[in-house]
Structure formats: structure tokens, C-alpha cells
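Novice: Sequence and predicted structure are below.
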Amino acid sequence: MGLSLRYEKAGKRVVQNTLRVLILGDIVGQPGIRAVYANMQKLKKLKKADLVIVNGENAFDGRGITPEQCDMIFSSGVNVITSGNHIWQQASIHQYLNDSPYLLRPENYPVGVPGKGFCIVEVNGEKAGVVNLEGRVFMSSIRCPFLIGKEICQRLRRETNIIIVDFHAEWPEEKEALGLYLDGKISALIGTHTHVQTADERILPGGTGYITDIGMTGPTGSVIGMKKEIVLRKNLTQMPLKMEVEESPAEIMGVVMEIDSKTGKTLSIERVKQTSSL
Ligand SMILES: [Fe+2]
């Protein structure tokens with residue numbers, strides 16, 4: 001938790017308790033895992049982050065994540081791992097989803113599938129809610145992220161005003177719409193899934209931080225993390241070629257936000273984009 005000194009209109013000094021949250025985009029393959037593991041402590045210090053959330057759904061060769069990779073990510077200093085449509089692809093993760101309180105899958109999947117889509121994490125004596133939802137435009141027709149999101153956030157608000165939503169979705173319209181729908185009810189709505197960082201970070205009128213997509217933590221010189229030669233061949237031939245993760249050092253992308261601990265409103269949101277040395 002940090003202390004932030006601000007000046008009100010009349011020149012009065014106001015000291016606020018704040019929580020600084022670092023969120024990184026989708027980890028792609030070994031380059032992404034290496035980048036998180038090698039840089040997390042340095043990055044946390046640099047960004048003065050109290051809470052770290054990463055989306056890990058493309059960690060295993062671009063398709064899902066394994067228990068061993070989750071353990072490695074958590075041990076680097078990450079508090080919560082979110083995910084998305086690829087989370088189901090490694091069978092070994094299903095039990096881990098049930099067992100770990102801090103590995104999330106989108107909450108709006110059908111009732112009864114492994115895992116859960118929200119948690120409350122405590123850092124520096126402050127409680128924060130983290131929610132994972134998935135979009136439906138150009139994706140699976142799962143339950144409504146708007147209604148489920150609102151219900152879960154209302155439930156979490158009984159315990160904390162600090163709520164961060166990872167909305168794993170394809171379509172900007174759906175992402176902006178959910179951001180506005182939940183504005184004032186959550187601290188931030190952060191888009192993931194496209195692997196392309198957008199430059200539209202802002203604070204919505206009700207105090208909710210917003211960005212359409214934070215990008216990826218994955219190999220540079222790739223096409224959304226994949227080998228460019230295969231992606232080009234696939235596009236030129238329209239053959240169902242299997243994608244492979246590019247083998248180059250990763251770019252680390254995300255945002256860092258400062259949130260007022262009392263009101264849960266976002267005070268600042270800033271993009272993160274840097275190349276890993278590994
Ligand atoms: Fe995805």
C-alpha cells in the first residue's frame with residue numbers, strides 16, 4: 001500500500017491510502033514464462049506494485065497452462081493468474097483450477113466446469129477482488145458476461161471496494177460496453193486476449209480504470225506470439241497449419257494502476273511495455 005499526497009481545489013493537502021496494481025497481458029510460451037520469472041521482482045519494485053495479476057492462458061506453447069508453470073509464476077511474485085478460452089487445453093490444469101484459490105478461469109462458463117472466476121486476495125492488509133470474464137463476440141456462446149459480472153461484483157463489494165476485472169474478449173465494442181456497464185461499481189476493467197496493446201487507457205466517468213487490451217507478455221518479432229513464417233503461410237494458403245510459439249525474448253506488456261483503497265476508484269492508469277533481456 002502506498003501513500004499519495006494530493007491537493008484539493010482550495011489548496012488543502014489530502015493524504016490517501018492507495019493500492020498499486022500491476023497487470024500483465026497474456027503470457028505466451030516459454031519466452032513469456034522466462035520474462036515473468038526473470039523480471040518480476042525488478043518490475044514490481046520499479047512500478048511500486050502491491051498486487052500483481054497476470055493472464056497465463058497461452059503459457060503452454062500458446063495453448064493453456066500447466067500446474068508447474070502456475071507454481072513458477074506464483075513463486076516469481078504474482079498474486080493472481082487469470083485466463084480465458086485456452087485454459088481448458090492442458091488436462092492437468094483442471095484439478096489445479098479446483099485446488100488453487102488464485103488461478104482463475106472466466107466465471108461465465110457453464111455451471112459445473114472446473115475452477116472459479118473470482119477471488120479475494122489480501123495484500124499489505126488490504127483486500128482486493130479479482131474477477132475473470134470472457135466475451136461472446138467471435139468467441140464461444142457462454143453465459144452473459146454483463147449479468148454475471150454485475151452479480152459477482154455486487155457480491156464482492158460486500159467485502160471490498162477494490163475490484164479488478166480481466167475481460168478476456170475479442171471485440172472492442174463488447175469491451176467498452178462492459179467497461180461502461182460496470183463503471184463506478186469496479187476499480188478497473190482490463191481487456192486481454194488479442195495480444196495487441198491498445199492506447200486507449202483512461203478513467204471512465206464513475207472512476208473505473210479502463211483499457212481495451214493490455215497486450216501480451218510474449219516473443220517479439222512474432223505475429224501475436226506465433227512464428228511469423230507459419231502464420232504467413234497459413235494466411236496465404238488457407239491450410240489448417242499448426243501455430244508454433246516464436247523463440248525470441250519477450251516483450252512485457254500491461255498496465256500499472258493506482259487505486260484509492262477507501263473508495264476503490266482508480267486514480268491513475270499507465271501502460272507498461274518493455275523488452276525482457278531473456
Ligand atoms: Fe485468449
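Specialist: Yep, that arrived. Fair warning: this is a prediction, and the values are worked out from it, not measured in the lab.
Novice: how about the residues of the protein that lie near the ion?
Specialist: Residues of the chain found near the ion, taking C-beta under 5 Å from the ion as the criterion, are G84, N85, H193. No exception for glycine: its C-beta is placed from N, CA and C like everyone else's.
Novice: and the second one, backbone torsions?
Specialist: Just to be clear, that refers to N85. Per-residue torsions, N85: phi -60, psi -30 (degrees, to the nearest 10).
Novice: what does the last one give?
Specialist: Taking degrees, to the nearest 10, you get phi 110, psi -40 for the backbone angles of H193.
Novice: ok, back up a step: nearest to N161 among the residues of the chain next to the ion?
Specialist: Distance to N161 across the residues of the chain next to the ion (C-beta to C-beta) is lowest for G84, with 25.8 Å.
Novice: Now the closest one. Nearest residue, chain neighbours left out?
Specialist: Nearest non-adjacent residue to G84, counting by C-beta to C-beta, 6 or more residues apart in numbering: H168, 3.4 Å away.
Novice: Any stretches of this protein with poor pLDDT?
Specialist: Within the chain, the segments meeting pLDDT under 70 span 1-15, 278.
Novice: how about the helices in it?
Specialist: Taking DSSP state H as the test, the helices found in the chain are 29-46, 67-75, 93-99, 145-157, 172-182, 228-237.
Novice: Check the gap between I33 and the ion for me.
Specialist: From I33 over to the ion the distance is 16 Å, taken as C-beta to the ion, to the nearest Å.
Novice: show me the contacts for that residue.
Specialist: Going by C-beta atoms under 8 Å, 6 or more residues apart in numbering, I33 touches I27, A59, Q69, M72, I73.
Novice: Bridging across strands, which residues link to the first one?
Specialist: On the basis of DSSP bridges, I27 is bridged to T217.
Novice: That one is in contact with T217, isn't it?
Specialist: Yes. Contact criterion C-beta atoms under 8 Å: I27 and T217 qualify, at 4.8 Å.
Novice: residues shared between the contacts of those two?
Specialist: Common neighbours of I27 and T217 (C-beta under 8 Å, 6+ apart) are A35, V36, V54.
Novice: dump the residue contacts of the first one.
Specialist: A35 makes contact with I27, T217, P249, A250, E251, I252, S276, L278 under the criterion C-beta under 8 Å, 6+ apart.
Novice: In JSON lines: those residues, plus neighbour count and distance to G149.
Specialist: Listed next are the contacts of A35 as JSON lines, based on neighbours: other C-beta atoms under 10 Å; distance: C-beta to C-beta, whole Å:
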{"residue": "I27", "neighbour count": "31", "distance to G149": "23"}
{"residue": "T217", "neighbour count": "32", "distance to G149": "24"}
{"residue": "P249", "neighbour count": "16", "distance to G149": "35"}
{"residue": "A250", "neighbour count": "30", "distance to G149": "30"}
{"residue": "E251", "neighbour count": "24", "distance to G149": "29"}
{"residue": "I252", "neighbour count": "24", "distance to G149": "27"}
{"residue": "S276", "neighbour count": "21", "distance to G149": "32"}
{"residue": "L278", "neighbour count": "12", "distance to G149": "36"}
